[in-house]
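**Student:** Quick one: sequence and predicted model below, then my questions.
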Amino acid sequence: MDNKKTKVLMAKPGVDGHWRGAMIVSMALRDAGMEVIYLGNQTPRLIVESALQEDVNVIGLSILAAGHMELVTEVLNLLQEKKVKNVLLVVGGTIPREDIPRLKQIGVHEVFPPGSKVENIVKYVAENAYNS
Amino acid sequence: MDAQNKKAFFTGSGIPVKEVYTVEDIKSLNLEKDIGLPGQEPYLRGIYSSMYRQKLWTIRQFTGFGTPAETNARFKYEYEQGATGFSIAFDSVTENGFNPDNPEVAHDVGTGGVNICTLKDMEEMFFGLPIDKLTTAVIASPFPACPLSAMYFALAEKRGINLQMLDGTTQNDLLLFTVCCNSPGTIPPRYLIRLCVDLVEWCAQNTPKWHPVSFASYNYRENGLNACQELGLLFANAIAYIEEELKRNRLKIDDFAPVLSFHLAAHNDFLEEIAKFRAARRMWYKLAHERYGAQNPKSLTLRFHVQTSGSTLTYQQPLNNLIRVAYQVLAAALGGAQSVHANSYDEGICLPTEQGILLSLRTQQIAQHETGVTNVADPLGGAYYLEWLTNEVEKHSWDYLKKVEDEGGLVKAVESGWVHREAVMAMNEYQKQIQNGTRKVVGVNCFESEEEPHQVPLFRPNKEALQIQKAKLAQIKNERDNEVVSQILRELRQVTEKGGNVMPVVLKAVKAYVSLGEICDVWREMYGTWEIPFGKIA
């Protein structure tokens, strides 16, 4: 797997401003050789438009204010609307355990709650990014 | 893994420590001048002579979710269970100065805190609560701090409370939503500081018991910075406010220093945190007295709130968090805090449940009424290690403050991204320590469980909050005199342009039920918005 071909868009959908987690993961992915675009806070629509424009393989969403089901659903709907395929969608943040299968059911590939080992996140992204 | 196999030992901030400390380590200290007595200069040992015998610290839990009515019910629950103060957690929509009917923020309404948009919301949130007897902390970022404080003041006036007697705090910390949290709706820091200080100035003259700023080094710490960086930035921030006020030539230092207050973190290194609280008091005394010539004892004493460190809480084995919080509360007590928020054990997973809040209150009540630590002021004062460490923390903190000043002061260091780069380096280092095991986190990188040993209840925000808040705002816009609203908003623009204090017109606005978003839009239109320069920091 060539991490150099992996392009990640990291974003925080909505206006919750806690950026430590998203930044830590962004730096770890970058250290592993991936290209990471750190978008910061953005609306779901702009996140999906940026993903299209930048032609990324991976979208990382960091959510810490309990709106994860709604925000992720909106991102997924927009991805479908824009016919975006072959993008790995990964979510991190304060996601209660019982919501993890729910998020996976609607189309999220993996969820990393607080305390996830950063090396495991990097490994997962490296192995599953659709390097097409 | 055995502690004995470690080659060197360090405090949480990286200060190397010896096996034992003796009188030799503090012989350079002048016991009278450098340590002294509680309630006396340099206030190292506490701001009151008899400390908690005189007044226990205020039990103030940071609270808010969903609609103002739901938050009101939680406040009432806390009050019934023995809380002695309130603290409002706003949602990110409110913190950014947006209205709930803005479609771009819909999913954040009422999620991470309570949504407050007009005076009506403030009235609902405090309905039936004795705000003349209990103090409230309005944990507002600086951008909406003037209008949100004004809503609270207007509420108090409507209840017939004399504003001269109104007691409480507004957070109003410049770094909170320019560094610690990203805030897409805020204005550039160089304009923001003006609003911050307008509130300080107005309160110093009109609400002498209100603290219009609580410099929140708690939040800098939560972004990975250490105890000494925390204090360095804390005082750099206070200096920025003082300089902004003094350059206006309207007030003297003793006219406004008495209303300044502080909000520190209680992190994991128990003794270093106690040393930090003590060092902070001595540093503030030196700054206020030696640098600015303050004379009033109220100007010289550092009054502070402590919040236990949210970033130390774990998602794994969440009941362990109860123990972490209890130690952190004890550090705050031994450090002489004036008010304390004990985090709830479930905050690594969700907003606190009622059970979580109850345990936070009980943690504090047990510390106050069972442990005996409130009997004696600064009970650890004079201990060789603690006094040595207090000095070390102070020394490193002055060094860090110097670094910020070399960057041109705090506002420049924020706009250039310097403070953010410092935080990024620190949070990365912290993470690496967890990864390589040099920093132990029980349940996360040691003593892990395959399966969660216990189930805990979960808090779910109210999905109706958005619709309720939108409908209420629509009704208000329909019922109020919109001619008057437009006129007040024009007046706000004029006063802001002329450099006058914005508070009188903001107060007039909130009383006419002008919404938070409308007020903040005036400033956004004038100054544009500003976000963390992420491109420059990592």
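**Tutor:** Structure received. Numbers count the residues shown, from 1 in each chain, chains lettered A, B, ... in the order given.
**Student:** Show me what the longest helix seen in chain A is packed up against.
**Tutor:** Ranked by residue count, the top helix of chain A under DSSP state H comes out as helix A:68-81. Helix A:68-81 sits against strand A:7-13, helix A:44-54, strand A:58-63, strand A:88-93, helix A:99-106, with contacts defined as 3 or more CB pairs under 8 Å, 6 or more residues apart in numbering or on different chains; DSSP states H and E. For every residue, glycine as well, the C-beta is placed using N, CA and C.
**Student:** Chain B contacts on chain A?
**Tutor:** Applying CB under 8 Å from any CB of the partner chain, we find that chain A lies next to chain B at A:12-20, A:23-24, A:26-28, A:38, A:40-41, A:43, A:64-67, A:70-71, A:74, A:94, A:96-98, A:113-115, A:117-119.
**Student:** Give the PyMOL command for selecting the buried subset of the residues you listed.
**Tutor:** Only the buried entries of these go into this PyMOL selection, using 16 or more other CB atoms under 10 Å in any protein chain shown:
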select buried, chain A and resi 12+13+14+15+16+17+18+19+20+23+24+26+27+28+38+40+41+43+64+65+66+67+70+71+74+94+96+113+114+115+118
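**Student:** Any regions of chain B where pLDDT drops low?
**Tutor:** Applying pLDDT under 70 to chain B flags residues B:1-5.
**Student:** returning to what we had before: the longest helix of chain A - what's its average pLDDT?
**Tutor:** Helix A:68-81 carries an average pLDDT of 96.
**Student:** Next one: whatever residue of chain A ends up closest to chain B from B:Gly335, what distance?
**Tutor:** Nearest to chain B in chain A, going by CB to the nearest CB, is A:Gly17, at a distance of 3.0 Å. Distance of A:Gly17 to B:Gly335, computed by CB to CB, to the nearest Å: 28 Å.
**Student:** How about B:Gly408?
**Tutor:** From B:Gly408 to B:Gly335 the distance is 32 Å (CB to CB).
**Student:** B:Pro189: what's it in contact with?
**Tutor:** B:Pro189 makes contacts with B:174, B:178, B:411, B:414-415, B:530, as judged by CB atoms under 8 Å, 6 or more residues apart in numbering or on different chains.
**Student:** Quick check: can you list the domain ranges of chain B?
**Tutor:** Using automatic domain parsing, the domains assigned to chain B come out as B:3-436, B:465-537.
**Student:** Does chain A have contacts with the shortest one?
**Tutor:** Yes: applying CB under 8 Å from any CB, one finds that domain B:465-537 is in contact with chain A at B:531-532, B:534-535.
**Student:** Excluding covalently adjacent residues, which one is nearest to whichever residue of the stretch 1-150 of chain B sits closest to chain A?
**Tutor:** Sorted by distance to chain A under CB to the nearest CB, the residues of the stretch 1-150 of chain B start with B:Gly112, at 3.4 Å. Nearest non-adjacent residue to B:Gly112, counting by CB to CB, 6 or more residues apart in numbering or on different chains: A:Ala65, 3.4 Å away.
**Student:** pretty sure that neighbour contacts B:Val109?
**Tutor:** No: the criterion here is CB atoms under 8 Å, and A:Ala65 misses it with B:Val109 at 10.4 Å.
**Student:** Residues that sit against both of those two, list them.
**Tutor:** Shared contacts of A:Ala65 and B:Val109, defined by CB under 8 Å, 6+ apart, are found at B:Asp91.
**Student:** Who are the contact partners of the residue nearest to A:Asp55 when sequence neighbours are not counted?
**Tutor:** In space, and not counting its chain neighbours, A:Asp55 is closest to A:Lys7: 6.9 Å by CB to CB, 6+ apart. Contact analysis of A:Lys7 by CB under 8 Å, 6+ apart lists A:34-37, A:54-58.
**Student:** A:Gly92 now?
**Tutor:** A:Gly92 neighbours (CB under 8 Å, 6+ apart): A:21-22, A:25, A:60-63, A:111-113, A:116, A:121.
**Student:** Also B:Gly437?
**Tutor:** Residues counted as contacts of B:Gly437 (CB under 8 Å, 6+ apart) are B:445-446.
**Student:** which phi and psi does the residue in the stretch 101-250 of chain B that chain A sits nearest to have?
**Tutor:** Using CB to the nearest CB, the single residue of the stretch 101-250 of chain B nearest to chain A is B:Cys181, 3.0 Å away. Here is the backbone geometry of B:Cys181 (degrees, to the nearest 10): phi -120, psi 150.
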